[in-house]
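Chemist: Here you go, sequence then predicted model.
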Amino acid sequence: MKLVMTLLVRDEVDIIDAQIAFHLNVGIDFVIATDNRSEDGTTEILERYERDGVLHLIREDGDDLRQSEWVTRMARLAASDFGADWVLNSDGDEFWLPRTGSFREILGAIPERFGVVRGAWRNFVPRPEYEPFFGDRMTARLCATTYLDVPMATVLKSVHRATPEIRVGRGNHEAFADGLLPLRGWYPIEILHFPVRSREQCRRKYVTQYLALERNPDKGTPAPIVEAYHAELAGRFDEFYEPLIVGDDELEWRLRRGDLVIDTRLRDILRDIAAGTSPELRRPPLEDDVLFAAEVSVIPESDFAQMLEERTIDLERGIDRLEPRAWPVRCVAALGRRYGKSQ
């Protein structure tokens, strides 16, 4: 079995080396990466992995964040050119980890009739920048259950069987192809997610995404990105950013309250990799199984939203073929994507 990861990045120099090294050490065989206009050193890191023969690099100069199109292109290449059996579509701030066993054990156990299996985000909160490397300081994980348009929402992502006909949805949350039946209600993979890591990274990420999405108005822009952009324009970005930071005093009482826990798995795995030793993939303790079950309890709502959006897109395309002026359905679809999706 060959497992290929696709990766769409822009200016992720603080995390991308760790992200690729992590996945190559926990079961990913090859990476297809699209670098979209990076200027901070990300490109050079990708080129190093390309020279090592474990990564295929695509340079994308578009400035309109056509994420679904670009990821679909990589996922199809994984099937047609790189011999993938399964494809994992990741963002640069995600670390995919099997909850038990290995990727091969999980995916090898999937009955042939199913072609998509899901993982769920587990979100780590930003901490004061005492340490330069995010992995050393960001060990506090959110336990709250939510499916909202906020940076720390609980969201599913998909791993799918390789096929040249694949179509990856916005945000990599879903994958579609004829005969690719999703296995719903089972989440054997957790995705350790680090969306906000520093003030500068947060500012660059949200401002860049706002400007890119503004060139694609039909896709809509999530509320946090709009808020961050207008705060930056007004010279008040710190007022947006500071409430996201969990300081030491807040950390202590939130640990006691139970909506945060300390999770050092990523930190420990990255330290093993840096030391040249094979990382130990520990089975989560029983109490974490309870927390995980609570967190993913909101995902059926997300799952339904994914199915509804796909049906809406199919309907929109059908009406476009019959009547180019059928603007009300397109408006409904755009509103659904604007208010019903998280980034």
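Modeler: Arrived safely.
Chemist: Now do the strands in the stretch 151-300 of the chain.
Modeler: Along the stretch 151-300 of the chain, counting by DSSP state E, counting those that start in this stretch, strands occupy 156-161, 167-168, 175-176, 181-182, 189-193, 260-262.
Chemist: can you put the ones you listed in a markdown table and add distance to Asp289, mean pLDDT and mean neighbour count?
Modeler: C-beta coordinates here come from the backbone N, C-alpha and C atoms, glycine included. Below are the strands of the stretch 151-300 of the chain laid out as a markdown table (distance: least, C-beta to C-beta, whole Å; pLDDT from 0 to 100; neighbours: other C-beta atoms under 10 Å):
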| stretch | distance to Asp289 | mean pLDDT | mean neighbour count |
| --- | --- | --- | --- |
| strand 156-161 | 18 | 92 | 24 |
| strand 167-168 | 30 | 93 | 22 |
| strand 175-176 | 27 | 89 | 22 |
| strand 181-182 | 23 | 90 | 16 |
| strand 189-193 | 11 | 94 | 22 |
| strand 260-262 | 13 | 94 | 15 |
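Chemist: Can you convert those into JSON lines and add a column each for distance to Arg203?
Modeler: Shown next, in JSON lines, are the strands of the stretch 151-300 of the chain (distance: least, C-beta to C-beta, whole Å):
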{"stretch": "strand 156-161", "distance to Arg203": "25"}
{"stretch": "strand 167-168", "distance to Arg203": "28"}
{"stretch": "strand 175-176", "distance to Arg203": "31"}
{"stretch": "strand 181-182", "distance to Arg203": "36"}
{"stretch": "strand 189-193", "distance to Arg203": "19"}
{"stretch": "strand 260-262", "distance to Arg203": "24"}
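Chemist: Please identify which of those strands is closest to Leu46.
Modeler: With C-beta to C-beta as the criterion, Leu46 lies closest to strand 167-168 of these, at 19.9 Å.
Chemist: Which strands border the closest one, and is each parallel or antiparallel?
Modeler: In the sheet, strand 167-168 lines up against strand 175-176 (antiparallel) (DSSP bridges).
Chemist: Report the distance from the strand it pairs with to the chain centre.
Modeler: 15 Å (C-alpha atoms, centre = their mean, to the nearest Å).
Chemist: Look up phi and psi at Val116.
Modeler: Backbone dihedrals for Val116, given as degrees, to the nearest 10, come out at phi -140, psi 130.
Chemist: My guess is it contacts Ser158. True?
Modeler: Yes. Using C-beta atoms under 8 Å, Val116 is in contact with Ser158, at 5.2 Å.
Chemist: Spit out the residues that contact the two alike.
Modeler: Counting by C-beta atoms under 8 Å, 6 or more residues apart in numbering, the common neighbours of Val116 and Ser158 are Glu174, Ala175, Pro182.
Chemist: Turn those into JSON lines, columns for distance to Glu44.
Modeler: Converted to JSON lines, the shared contacts of Val116 and Ser158 look like this (distance: C-beta to C-beta, whole Å):
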{"residue": "Glu174", "distance to Glu44": "33"}
{"residue": "Ala175", "distance to Glu44": "30"}
{"residue": "Pro182", "distance to Glu44": "37"}
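Chemist: from these, which is closest to Arg257?
Modeler: Glu174 (33.5 Å).
Chemist: Got the phi and psi for the closest one?
Modeler: phi -140, psi 160.
Chemist: And the helices in the stretch 1-150 of the chain?
Modeler: 16-25, 42-51, 67-80, 103-108, 134-137 (DSSP state H, counting those that start in this stretch).
Chemist: Looking at those, spot the one closest to Leu192.
Modeler: Evaluated over those, closeness to Leu192 peaks at helix 16-25, with 9.1 Å, by C-beta to C-beta.
Chemist: Could you tell me which residues within the closest one count as buried?
Modeler: For helix 16-25, the neighbour count (16 or more other C-beta atoms under 10 Å) marks Ile16, Asp17, Ala18, Gln19, Ile20, Ala21, Phe22, His23, Leu24, Asn25 as buried.
Chemist: do stretch 262-271 as well
Modeler: Neighbour-count burial for stretch 262-271, counted by 16+ other C-beta under 10 Å, picks out Asp263, Arg265, Leu266, Arg267, Ile269, Leu270.
Chemist: Spit out the contact partners of the closest residue to Asp17 other than its chain neighbours.
Modeler: What sits nearest to Asp17 in space, not counting adjacent residues and going by C-beta to C-beta, 6 or more residues apart in numbering, is Ile45, at 5.1 Å. Contact analysis of Ile45 by C-beta under 8 Å, 6+ apart lists Val13, Ile16, Asp17, Ile20.
Chemist: Relative to Gly62, which of these is nearest.
Modeler: Of all the contacts of Ile45, Gly62 sits closest to Ile16, with 19.3 Å by C-beta to C-beta.
Chemist: so the closest one sits right up against Thr43, yeah?
Modeler: No. Ile16 is not in contact with Thr43 according to C-beta under 8 Å; the separation is 9.8 Å.
Chemist: sorry, back to before: looking at the helices of the stretch 1-150 of the chain, which is closest to Leu291?
Modeler: Leu291 lies closest, by C-beta to C-beta, to one member of the helices of the stretch 1-150 of the chain: helix 103-108, at 20.0 Å.
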